[in-house]
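Q: Predicted model and sequence below, questions to follow.
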Amino acid sequence: MSGLRIWKGDLSGGLATALVAVLFASSGTVYAQKDKHTTSTAPARSAAHSAAPAASHPAGGHTVTPGNTGNRGGVSSGNTGRGPVPSGNTGRGPVPNNNAGRGSLPSNNAGRGTVPNNNAGRGSFPNNNAGRGTAPNNNTGRSFGTNNNAGRSTVPNNSAGRGPVPNNSTGRSFGTNNNAGRGPVPNNSAGRSFGSNNAGRGPRPEFHGSNGSSARFAPSGRPTVVRTHGGATIIHAPSGARRIEVVRPGGRVIVTNGAGHGYMQRPINVRGHAFVQRTYYVNGAAYPRYYRPYSYRGIAFNVYTPVRFYSPRFYAWGYTPWARPVYYNFGWSVHPWYGFYGGYFSPYPYYAAPNYWLTDYLLANALQEAYQERQDAAAAAQAGYNPSGQVALSPRVKDLVAAEVQRQLAVERAESQNPGQAMTASNGAPPILADNNPHVFVVGSSLIANTGGQECALTHGDVLQLNPAPSSDPNFANVQVLASKGQDCPAGNLVPVQLTDLQEMQNHMRETMDQGLGEMQTRQGQGGLPTIEVAMRSQTAAPYAADLPPAEANAADELRQQAQEANRQEQDVLGQAGQGAPPSGSAGPVTIEIGQSIADVVARMGQPARVADLGQKKTYFYKDMKVVFVNGRVSDVQ
């Protein structure tokens, strides 16, 4: 028995010793943990939270989706529904963990503030995008049309507190509407104004109203693309010019500006063959143009079709070098457009071949149209377009345009030898893609391109070149900006543009080229132009020309009515968005031109609100613009 008592005593002593050792070790651990919490700083947030990487998603219907939200609802943290103290000790009393004595900061959230969850420091809306700055776009690097929601604009949900709300339109260009006949595109965002929680962070980039209406805004707050409940898409260029496009049932399309200058389009049938007719109305004159339809990859193209052809020899003459340089003066220097775009365009000092002469003719025609568009906008300089910022077209870029003119002359020469081919609709690639050439384009109408999450404009006279890198969207092609004016997309940028818009640019080039060839025939032997052989002066009507209908008689009235209706609808949309509607241009716009005197401007505009007098340079400030005079004549309008 004594031995048993001794053994029990030894056992009790050993257990006591072990218990003391454990308590000392536990105490050391507690103090070590306490020291660790009181001396170390919170680890730096990983790069994944400071700058979200671009997400890569397959093509499909995507909206802007905040990262890692899944179906968790508005609070996208790992602590959803756990209450304010997210530890595993819920219900154990006022001290909800076993770390008594550690201070007021429970669990592993030391240094994270009073909100002990994984969203510490992320702002009042605890989602996983806190701290990322501008909300990332899951379509970064994509070209336009990588989803089936083209034209719906973006629905950036769950993004409160992220800063300006981006859009799903990265890489989009707005101009040609591929939804012809589909009617207004519905959306689930009626009445919602996105970015409204961004007080003090600049204007919201997008608004969605009722009946499918929407508006997109530049960082300055200026509208860039407005879609009305009546189906109109209105493009705003930096110069203040506006382009209105309406697609109606039956293939009817109306494209106009605020002053009613533009065209009406309709499908026609000639001897059982499909054609497309446009009736243009500009400066009081109506004239028709004709196109043949192409269908490629499910995309409908309209390709310019001449109604007359010159002789094959004359087309070849158009790109054959002249025996000696030709010095020719177009007489543009007296026209306001030429002074306005003088920093961007200047003619060749002489012409080595007819295609160089046609290049200047083409570029000048585009800039004249740009200037007219600016004048047709009610307050032409309302957007603050500054022509002094123009970068001159380089000789290299102009030579690339001249080479493209030569290519198009060769194409039309081949067509002139087989004019009946236009009677057959084609399902092959349109001309801009058929020959795999890096075609050069001169922009012939205002577009809004979107690349890298930033919008920029392309307007009349900008120069683009097809890039061989394929777009991820078959509706688009990547083009490089070779030259641009003022606030347009900067030269050197790679932007995606719809294939249909590129075809329209080539159509415009072909139409202007044909007009220029006619002028060369008329002016041959004058002003320094060489005389053209009699055999090369002939013109032959296309075999289908006699059956083509004339220009539509009601074009002027219908274009004007459509412009007025679109103006009213746009004012409604911008009113809902809380923005001032731009002047409609339908109430007799005041025209201020380069070279006008101070008296001319005051007679049209009235006395200015104030004047800045710097001697030879004077600036008159009006409500919506300022007019700059140098030596008593208008030199700039801003």
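A: Good, I have the coordinates.
Q: buried set for stretch 551-558?
A: 551-552, 555-556, 558 (16 or more other CB atoms under 10 Å). Glycine gets a C-beta too; all of them are placed from N, C-alpha and C.
Q: right, I mislabeled it, should have said stretch 277-288
A: Result for stretch 277-288 [16+ other CB under 10 Å]: buried residues 277-282, 286, 288.
Q: hmm, who's touching that stretch?
A: 260-268, 289-291, 372, 548-552, 555-556, 559 (CB atoms under 8 Å, 6 or more residues apart in numbering).
Q: try it again with 10 Å
A: Residues from elsewhere that reach stretch 277-288, judged by CB atoms under 10 Å, 6 or more residues apart in numbering: 253, 255-257, 259-268, 270, 289-291, 302, 304, 307, 369, 372, 376, 507, 511, 548-560.
Q: Distance across it, terminal residue to terminal residue?
A: 7 Å (CA to CA, to the nearest Å).
Q: could you give me the average pLDDT of that stretch?
A: The average pLDDT for stretch 277-288 rounds to 93.
Q: next helix or strand past the helix or strand hosting residue 291?
A: Element membership of residue 291 [criterion: DSSP states H and E] is strand 285-296. As assigned by DSSP H and E, the chain's next helix or strand after strand 285-296 is strand 299-304.
Q: strands paired with the helix or strand following that following strand, and their directions?
A: Following strand 299-304 in sequence order, the next helix or strand is strand 308-310 (DSSP H and E). Strand pairing for strand 308-310, using DSSP bridges, gives strand 539-541 (antiparallel).
Q: Mind listing residues that contact the strand it pairs with?
A: If you take CB under 10 Å, 6+ apart as the criterion, strand 539-541 is touched by 306-311, 314, 416, 419, 517-518, 521.
Q: rewinding a little: show me the buried residues of stretch 551-558 that map onto helices.
A: Residues of the buried residues of stretch 551-558 located in helices (DSSP state H): 555-556, 558.
Q: which one of these is nearest residue 630?
A: Residue 630 lies nearest to residue 556 out of those, by CB to CB, at 37.8 Å.
Q: Residue ranges in this protein under the pLDDT threshold?
A: In the predicted model, the chain carries pLDDT under 70 at residues 1-204, 378-389, 422, 425-426, 579-590, 599-600, 602-604, 606.
Q: Apply 50 and report the result again.
A: 1-203, 379-383, 581, 583-588 (pLDDT under 50).
Q: Please parse it into its domains.
A: The record's domain parsing of the chain by automatic domain parsing lists 103-132, 312-541, 598-637.
Q: which one of these is the most hemmed in?
A: domain 312-541 (a mean of 19; mean count of other CB atoms under 10 Å).
Q: thinking residue 635 is in contact with residue 627, fair?
A: Yes - if you go by CB atoms under 10 Å, residue 635 and residue 627 touch, sitting 9.1 Å apart.
Q: and for the two, which residues touch both?
A: Common neighbours of residue 635 and residue 627 (CB under 10 Å, 6+ apart) are residue 618.
Q: one step back: determine which two of the buried residues of stretch 277-288 are furthest apart.
A: Top of the distance list for these (CB to CB): 277 and 282, 16.3 Å.
Q: Please name the nearest non-neighbouring residue to residue 635.
A: Closest residue to residue 635 apart from its sequence neighbours, by CB to CB, 6 or more residues apart in numbering: residue 628 at 5.4 Å.
Q: beta partners of that neighbour?
A: residue 619, residue 636.
Q: and it, how far is that from residue 617?
A: Using CB to CB, to the nearest Å, we find residue 628 at a distance of 7 Å from residue 617.
Q: And the strands in the stretch 401-550 of the chain?
A: Taking DSSP state E, counting those that start in this stretch as the criterion, the stretch 401-550 of the chain carries its strands at 440-442, 447-451, 454-458, 463-466, 476-483, 494-498, 539-541.
Q: got the ones you listed as TSV, with distance to residue 429 columns?
A: Formatted as TSV, the strands of the stretch 401-550 of the chain follow (distance: least, CB to CB, whole Å):
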stretch	distance to residue 429
strand 440-442	16
strand 447-451	22
strand 454-458	23
strand 463-466	13
strand 476-483	12
strand 494-498	15
strand 539-541	28
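Q: Strand 476-483 and whichever helix or strand residue 363 is part of, what's the angle between them?
A: For residue 363, the element it lies in under DSSP H and E is helix 354-376. Following axes from the mean of the first three to the mean of the last three CA atoms, to 10 degrees, one obtains 90 degrees for the angle between helix 354-376 and strand 476-483.
Q: which residue packs closest to residue 460, ignoring adjacent ones?
A: Here the residue nearest residue 460, using CB to CB, 6+ apart, is residue 370, at 3.5 Å.
Q: I'd guessed the one you found sits against residue 239; true?
A: Yes - Residue 370 is in contact with residue 239 according to CB under 10 Å; the separation is 7.2 Å.
Q: which residues of the protein fall in helices?
A: 2-39, 47-50, 312-317, 336-340, 354-376, 395-416, 431-434, 499-523, 555-576, 598-605.
Q: ok so, going back, need the contact list for the residue nearest to residue 635.
A: 381, 388, 612, 614, 617-620, 634-638.
Q: State the distance from it to residue 609.
A: With CB to CB as the criterion, residue 628 and residue 609 are 15 Å apart.
Q: same thing with residue 392?
A: 34 Å.
Q: same check, this time on residue 303
A: When residue 303 is compared with residue 609 (using CB to CB), they lie 51 Å apart.
Q: my read: residue 478 touches residue 468, true?
A: Yes - taking contacts as CB under 10 Å, residue 478 lies within contact range of residue 468: 8.5 Å.
Q: Return the residues in contact with the closest residue to residue 608 other than its chain neighbours.
A: Nearest residue to residue 608, sequence neighbours excluded (CB to CB, 6+ apart): residue 620, at 3.9 Å. Shown in contact with residue 620 (CB under 10 Å, 6+ apart): 598, 601-602, 605, 607-613, 626-629, 634.
Q: again, 7 Å this time
A: Residues near residue 620 by CB atoms under 7 Å, 6 or more residues apart in numbering: 601, 608, 611, 626-627.
Q: Could you dump those residues into JSON lines and include distance to residue 325?
A: JSON lines is the format used below for the contacts of residue 620 (distance: CB to CB, whole Å):
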{"residue": "601", "distance to residue 325": "41"}
{"residue": "608", "distance to residue 325": "48"}
{"residue": "611", "distance to residue 325": "48"}
{"residue": "626", "distance to residue 325": "43"}
{"residue": "627", "distance to residue 325": "40"}
